[in-house]
Structure formats: structure tokens, C-alpha cells
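**Q** Any chance you could fold what I've pasted below:
(one chain, ligands or ions: 1)
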Amino acid sequence: MAVRKNQASLTAKEKRDFVNAVLALKRAGRYDAFVSTHNSFIISDTDNGERVGHRSPSFLPWHRRFLLQFEQALQSVDPNVTLPYWDWTADRTASASLWDAGFLGGNGRSSDGQVTTGPFAFAAGGWTLNVRPDSRSYLRRALGSAVASLPTRAETESVLAIQAYDAAPWNSSSEGFRNNLEGWRGVNLHNRVHVWVGGHMTTGMSPNDPVFWLHHCFIDKLWAEWQRRHPGQGYLPAAGTANVVDLGETMKPWNDTTPADMLDHTRHYTYDTGF
Ligand SMILES: [Cu+2]
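**A** Predicted coordinates for the structure are as follows:
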């Protein structure tokens, strides 16, 4: 069984293997499709129309399926690689080892936001952005500039304590665990982390920054943790909700997976520890 680990506890070899698998997907032309898919859902997911990837209950199962597909792509390159997660309640500064040149590389430079260190620096040659919001083909970051701090452990605990999974109107104004975790209301967890990283992470093309996968892996872990703590609660809505993916309805773009299919992550992988 594949085990997803905290990035802070990966060995140097595990970090290298992960980075090399990501770079191999990029070289093979397989990476950019993930960027395009994510962006097309960001554009089409609206509060009052059909919504699948974001602003809706299926935010969590959709990204679980999306991450699984990416992880399987990595494993087609190197079967021992799993997605690491970034616990941003613990590793909360620009000097965390996550941003070392041997792993994801560091902050963007102040003049133009360009990441200039590590394997995803433009000058390193292996990370030219093709699916991009403008003509600039280098990865950009602005760590901690648009929002001062990452979510704290206490803030995260307060969201894990929410009983109901989601609630009408099933969008960015809903009460419930999903919308507080996604960050449209309350203490703001997921959205705030995208903004804290800055650069491409604040756009629909956020998977251009490989930290996207580590961030969403932690979001996925927090969903699993909420499930463990609230065994009597489950995915909502159950059925009959227009424009929203009910428990037994398939999700685009795969059209073969329902939220119900995604509830038990242990069919595919486990996490090294609880929250
Ligand atoms: Cu997303």
C-alpha cells in the first residue's frame, strides 16, 4: 500500500525521486494536461451554475481523483514515488526546507517574481511553462507577500471541528466543513495558502507550481482526518441537487467516478500519521 508522507520527513533520495518523476512528466509532455484540466474547471465552476472542481461539495472528491491521476502518472515513471504533503501549519516560513534548492526551490525574485533556484527555475531548463496566463514562461512565486501568514494549527482544528460536511446553497457561501476548508468563508485554509505562495499559485493554472500537489495532498489529508473524527457525518448532498454533484453522480471530466467512490482513500493509499 502506497504511503503518502510529510514532505519535511522525506529523505534526500525521496525528494530527488519525486522531483525527477515530475520533471520526467514535464519532458514527456504529460504534465501540462493537468494544468489545462485544472484551469478549465476554475473557469467553469461558478456559484450559481454547474460546479464540480471548486465552490461546491465535490471540491474534495474532485481533487482527490485529480491527485490520484497525477500520482499514478508519477508512478508510471517511478513506481516508488507517492505524493508528499505540505503541513503548512508546521512549515510556515519561506525558509522551510520545502523551498530548498534540492527540493521545490525558493521564492521568486523581487524584480519579476521569477523562481531562480532549484529544479523548477526557468534557467535550469526543465520547467518552461506552456499553459500559462500570459507570455511569461517562467514560474513565479511571491511567498508571504499578498497575505502575511499561513493558517495556524488552531485555525485548522477549528475547521476540523465543524460537524456538517456541506450545506445549501452548495457554493462559496455555504456553511459547513467543505467551504471552510476550501476557504471562501471562515478562517480560510485552502485559498489562503494559494495566495500566500503567490505567483502562478493564485491563478487557475496553479498546478504549474509543483507545490500545488503538496498543498492539495494536505487538503486531502485534512478531509480524511475530518472523516475519521466525524464517523456519523458524510458527503452531502445525497441526491437531487441541480448543478451540483450528488453523492452518486459521476464527476467531469472523467465521468467514471462519483464522490461515493472517493470516500475511502485507503483503497488507494494511506497517510503516514494523523493530523
Ligand atoms: Cu483546484
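**Q** dump the residue contacts of the residue nearest to Phe70 when sequence neighbours are not counted.
**A** Closest residue to Phe70 apart from its sequence neighbours, by Cβ to Cβ, 6 or more residues apart in numbering: Phe34 at 5.8 Å. Every residue, glycine included, has its C-beta placed from N, CA and C. Contacts for Phe34 (Cβ atoms under 8 Å, 6 or more residues apart in numbering) come out as 66, 69-70, 73, 207.
**Q** so which of those residues is the most crowded?
**A** Neighbour tally across these (other Cβ atoms under 10 Å): the maximum, 25 neighbours, falls on Pro207.
**Q** and that one, what does it touch?
**A** Going by Cβ under 8 Å, 6+ apart, Pro207 touches 34-35, 38, 213.
**Q** Relative to Trp184, which of the contacts of Phe34 is nearest.
**A** Nearest to Trp184 among those is Phe66, at 19.1 Å by Cβ to Cβ.
**Q** Next, that closest one: secondary structure please.
**A** Here Phe66 is recorded as helix under DSSP: H, G, I helix; E, B strand; the rest coil.
**Q** and Glu157, that one's in a strand?
**A** No - assigned with three-state DSSP, Glu157 falls outside any strand and is helix.
**Q** From Val52, how far off is it?
**A** 29 Å (Cβ to Cβ, to the nearest Å).
**Q** for Gly274, same thing?
**A** Separation of Gly274 from Val52 (Cβ to Cβ): 29 Å.
**Q** Looking only at neighbour counts, state which of those two leads.
**A** It is Val52, of Gly274 and Val52, that has more neighbours when counted by other Cβ under 10 Å, with 21 against 9.
**Q** Surely that one touches Lys252?
**A** Yes - contact criterion Cβ atoms under 8 Å: Val52 and Lys252 qualify, at 5.4 Å.
**Q** who touches both of the two?
**A** With contacts defined as Cβ under 8 Å, 6+ apart, the residues shared by Val52 and Lys252 are Phe41.
**Q** picking up where we left off before, can you redo the contacts of Pro207 as CSV with secondary structure and pLDDT?
**A** Output for the contacts of Pro207, formatted as CSV (DSSP: H, G, I helix; E, B strand; the rest coil; pLDDT from 0 to 100):
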residue, secondary structure, pLDDT
Phe34, helix, 98
Val35, helix, 98
His38, helix, 97
Trp213, helix, 98
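**Q** got a winner among the residues you listed for most neighbours?
**A** In terms of neighbours by other Cβ under 10 Å, these top out with His38 at 24 neighbours.
**Q** Now that residue. Nearest residue, chain neighbours left out?
**A** Pro207 (5.1 Å).
**Q** Repeat that for Arg153.
**A** Nearest to Arg153 is Thr89, by Cβ to Cβ, 6+ apart, at 4.2 Å.
**Q** shouldn't that neighbour be in contact with Ser149?
**A** No - counting by Cβ under 8 Å, Thr89 does not reach Ser149; the two are 10.7 Å apart.
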